[in-house]
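> 3D, please:
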Amino acid sequence: MNITHFRNTPSVCLDESNPVAAPLSEPVAVTSTISVERSDGVETGVWECTPGRWRRQIVQQEFCHFVAGRCTFTPDDGEPIEIRAGDALMMPANTLGIWDIQETVRKTYVLIF
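Just a heads-up that it's a prediction; the model follows:
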């Protein structure tokens, strides 16, 4: 068994940086990630996103805990959810909608395939 320790999450150095896939505004938000993929249908990691507005396209079930920043998520079939550092979300599979990042956010996440 390999144990991955994300020590002091706000200072974890992230590997990848890419613009979001479906931007809806300027400036285009940029995401950075460090993740650990597992063969049992689970991925976990740390994710960060700069300010911007864009469409969420991940269809997996996701649990996430926000450790920094401020944003709003509006699901396609629901009301806007205001999110701040310290908040956690459990998104059912196929939760699609719009992210509006007001302050760079950082979260830890678990995707369940």
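
> when you work out contacts or count neighbours from here on, use the C-alpha atoms and nothing else.
Noted.

> show me where this structure has strands.
Under the criterion DSSP state E, the chain contains strands at 16-19, 30-38, 42-49, 52-56, 61-75, 81-84, 88-91, 97-112.

> which secondary structure elements does the fifth one contact?
Under the contact criterion of 3 or more Cα pairs under 8 Å, 6 or more residues apart in numbering; DSSP states H and E, the helices and strands touching strand 61-75 comprise strand 81-84, strand 88-91, strand 97-112.

> mind listing the residues bridging to Phe63?
On the basis of DSSP bridges, Phe63 is bridged to Met90, Val110.

> and the pLDDT at it?
As predicted, Phe63 sits at a pLDDT of 97.

> same check, this time on Val105
Value listed for Val105 in the pLDDT field: 97.

> could you measure from it over to Gly41?
From Val105 across to Gly41, the span is 25 Å (Cα to Cα, to the nearest Å).

> and Phe63, by the same measure?
Distance, Phe63 to Gly41, using Cα to Cα: 14 Å.

> how about low-confidence regions in the chain?
Filtered on pLDDT under 70, the chain yields the residue ranges 1, 10.

> show me the contacts for the residue nearest to the spatial centre of it.
Nearest to the mean C-alpha position of the chain, by Cα atoms, centre = their mean, lies Trp47 at 5.3 Å. Contacts for Trp47 (Cα atoms under 8 Å, 6 or more residues apart in numbering) come out as Leu14, Thr31, Ser32, Thr33, Ile34, Arg106, Lys107, Thr108, Tyr109.

> looking at Phe63 and Gly41, which one has more neighbours?
For Phe63 versus Gly41, the count of surrounding residues by other Cα atoms under 10 Å is larger for Phe63: 17 against 9.

> wait, isn't that one in contact with Ala88?
Yes: using Cα atoms under 8 Å, Phe63 is in contact with Ala88, at 7.4 Å.

> picking that back up, the residue nearest to the centre of the chain and Pro23, how far apart?
Per Cα to Cα, Trp47 is found 17 Å from Pro23.

> correct me, but Ala88 touches Ala68?
No: using Cα under 8 Å, Ala88 is not in contact with Ala68, being 11.5 Å away.
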